[in-house]
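1. got a structure for you, letters missing:
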């Protein structure tokens, strides 16, 4: 009788308990994708601006609504998180911070930086009005 074992250590579920480093790695990929989608939103804003007052008014109506505000906050958070975690990865590329204690400390630092920087950017920009 053979024992059913996982085929990959990256299986999430009963075989593998997610760790801070793996969750932050997945979040880094998700925020990178979200930044690409945010770039499409930025292009839509520029196209609406170039298309005249009526097109821009329609875009502004959506942007100032609840969904637009949520997307703005999410985009700023994605940018701050991706920046902070990207810097963390640069240190890893230089061979620093691989010790378990350092990896967790830098992970928590990235999370804290992302939250504080997001709040700071939104406050400096006038908030998500």
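-> Thanks, I have the structure now. Since we're looking at a predicted model, the values are computed, not measured.

2. how far out from the middle of the chain is the longest helix seen in the chain?
-> Secondary structure assigned by DSSP state H gives helix 20-50 as the longest helix of the chain. Mean-position distance between helix 20-50 and its chain equals 7 Å (CA atoms, centre = their mean, to the nearest Å).

3. in the next helix or strand after it, what's buried?
-> Later in the chain than helix 20-50, the nearest helix or strand by DSSP states H and E is helix 53-63. Buried residues in helix 53-63, counted by 16 or more other CB atoms under 10 Å: 56, 59, 63. Every residue, glycine included, has its C-beta placed from N, CA and C.

4. And these, which is closest to residue 31?
-> Residue 31 lies nearest to residue 63 out of the buried residues of helix 53-63, by CB to CB, at 20.6 Å.

5. so where's this structure shaky on pLDDT?
-> Residues of the chain that meet the criterion pLDDT under 70 lie in 1, 3, 5-16, 127-129.

6. again, only using 80
-> By pLDDT under 80, the weakly predicted segments of the chain are 1-18, 127-129.

7. re earlier: in TSV: the buried residues of helix 53-63, plus distance to residue 49.
-> Output for these, formatted as TSV (distance: CB to CB, whole Å):
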residue	distance to residue 49
56	5
59	8
63	11
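
8. Go through the residues you listed and name the one nearest residue 23.
-> Using CB to CB, the buried residues of helix 53-63 come closest to residue 23 at residue 63, 30.7 Å.

9. State the distance from the closest one to residue 118.
-> With distances taken as CB to CB, to the nearest Å, residue 63 is found 18 Å from residue 118.

10. on contacts alone, who are the packing partners of the longest helix of the chain?
-> In terms of contacts (3 or more CB pairs under 8 Å, 6 or more residues apart in numbering; DSSP states H and E), helix 20-50 is packed against helix 53-63, helix 66-93, helix 100-124.
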